[in-house]
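Peer 1: Pasting the sequence and the predicted model now:
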Amino acid sequence: MTKRTMLRPWRLSDAESLYEYASDPRIGPVAGWQPHSSIGESRQIIREIFMQDGVFAVTLRDAGDDRAIGCIGLIRGTKSNLPIGDDEGEISYWIGVPFWGQGLIPEAMAAVIRYGFDELGLSTLWCGYFDGNEKSRRVQEKCGFQYHHTNPATYFPLTDDVRVEHVSILRRH
């Protein structure tokens, strides 16, 4: 929990709100996935991807409806998209367009960073963003991540295109 958000496990009942935000073409493509095409697809993604340890629905603490407005995850070791060790994790995130620019993801990310370092005992956290996704770059910088390297243009099957990815790092103090 943070000042304004709650992080909780995903539920199949979140499919409608997930679809509402994840169907917006301004979100998925910059994050590396296609916009959702149906509530059924959103339900399948919850079941197959989001319902795992370390992946949380972002909700507004004072909204009173516990509605998922975004997602943040901390994936460890070999489950990561990056070649990292078992004592390292990768954070990924997105939030619905109506909530952009409010500082909610940096707030949620601070909680996930504490969780990774303090509860899981991880040594290093990694985070990436695709070329041109300045919002994600700024989130990472606000949370203390520092540029580490750039992966050259690589084919990404989820978006069926070639992208350059920038990778940031945060080490445990």
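Peer 2: Good, I have the coordinates.
Peer 1: Trp100: neighbour count?
Peer 2: Neighbour count of Trp100, defined by other C-beta atoms under 10 Å: 13. Quick note: C-beta positions are derived from backbone N, CA and C, even for glycine.
Peer 1: Am I right that it is in contact with Arg138?
Peer 2: No - using C-beta atoms under 8 Å, Trp100 makes no contact with Arg138, being 11.1 Å away.
Peer 1: dump the residue contacts of Ser17.
Peer 2: By C-beta atoms under 8 Å, 6 or more residues apart in numbering, Ser17 lies in contact with Arg67, Ala68, Ile69.
Peer 1: scratch that, Gly40 is what I was asking about
Peer 2: Counting by C-beta under 8 Å, 6+ apart, Gly40 touches Ala15.
Peer 1: wait, is it part of a helix?
Peer 2: Yes - looking at Gly40 with DSSP: H, G, I helix; E, B strand; the rest coil, it is inside a helix.
Peer 1: Ser123 and Gly116, how far apart?
Peer 2: Counting by C-beta to C-beta, to the nearest Å, the gap from Ser123 to Gly116 is 10 Å.
Peer 1: ok, back up a step: dump the contacts of Ser17 to a markdown table, plus distance to Arg11, pLDDT and neighbour count.
Peer 2: Formatted as a markdown table, these follow (distance: C-beta to C-beta, whole Å; pLDDT from 0 to 100; neighbours: other C-beta atoms under 10 Å):
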| residue | distance to Arg11 | pLDDT | neighbour count |
| --- | --- | --- | --- |
| Arg67 | 11 | 94 | 17 |
| Ala68 | 8 | 96 | 26 |
| Ile69 | 14 | 97 | 21 |
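Peer 1: Could you dump those into JSON lines with secondary structure and distance to Thr154 added?
Peer 2: Shown next, in JSON lines, are those (DSSP: H, G, I helix; E, B strand; the rest coil; distance: C-beta to C-beta, whole Å):
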{"residue": "Arg67", "secondary structure": "coil", "distance to Thr154": "35"}
{"residue": "Ala68", "secondary structure": "strand", "distance to Thr154": "30"}
{"residue": "Ile69", "secondary structure": "strand", "distance to Thr154": "30"}
